[in-house]
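> got a predicted structure here, sequence first:
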Amino acid sequence: MIYLSRISIIVLSLLLLSACNTVKVGRDFDVGVFAAKLEQGVTTKESVRSWLGEPTSVGVSLATDGTKYDEWDYYYAEGELTDMSTAKVKILQIKFDKAGTVRSYNWSVSKQ
């Protein structure tokens, strides 16, 4: 549900900026840097911040067993409003445990 609302925010931002031909939302980031340096259960919030900068959004993720995780999201979208089928979108979601270390992550990129 939280994931869908974030996507909705991105899409809405793109529509609100319809006066522009090329639209960029969020801040570009390098998923490769994150994946290459990550050590699950060891990497801290401070390390992630030093590699990728401040997260685009922060929140809480609730697992099915009731465990709460801090969640940081990084996203970037770029596209031409006249042809959104060619838009490029990157999303990285990182979950941190109570100790502030990476518990898990998800990332996706558009097929371009």
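Yes, it's here. Residues are numbered from 1 along each chain as shown.

> Gln93 touches Trp72, doesn't it?
Yes: under the contact definition of Cβ atoms under 8 Å, Gln93 touches Trp72, with a separation of 7.5 Å. No exception for glycine: its C-beta is placed from N, CA and C like everyone else's.

> is Gly79 bridged to anything, and to what?
Val23 (DSSP bridges).

> any idea which element the most centrally placed residue in the chain lies in?
Centroid-nearest residue in the chain: Tyr74, 2.7 Å away (criterion: Cα atoms, centre = their mean). Using DSSP states H and E, the secondary-structure element containing Tyr74 is strand 68-80.

> swap in Thr86?
Secondary-structure element containing Thr86, defined by DSSP H and E: strand 83-96.

> which elements pack onto that strand?
With contacts defined as 3 or more Cβ pairs under 8 Å, 6 or more residues apart in numbering; DSSP states H and E, the packing partners of strand 83-96 are helix 2-16, helix 31-37, helix 45-52, strand 68-80, strand 102-109.

> mind redoing it with 6 Å?
strand 68-80, strand 102-109 (3 or more Cβ pairs under 6 Å, 6 or more residues apart in numbering; DSSP states H and E).

> just the buried residues of the first one, please?
Buried positions in strand 68-80, judged by neighbour count with 16 or more other Cβ atoms under 10 Å: Tyr69, Asp70, Glu71, Trp72, Asp73, Tyr74, Tyr75, Tyr76, Ala77, Glu78, Gly79.

> redo these as TSV? Include pLDDT.
Supplementary listing: the buried residues of strand 68-80 in TSV, determined by pLDDT from 0 to 100:
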residue	pLDDT
Tyr69	96
Asp70	97
Glu71	97
Trp72	97
Asp73	95
Tyr74	95
Tyr75	91
Tyr76	91
Ala77	88
Glu78	88
Gly79	84
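
> closest to Lys24 among these?
Lowest distance from Lys24 to the buried residues of strand 68-80 (Cβ to Cβ) belongs to Glu78, with 4.8 Å.
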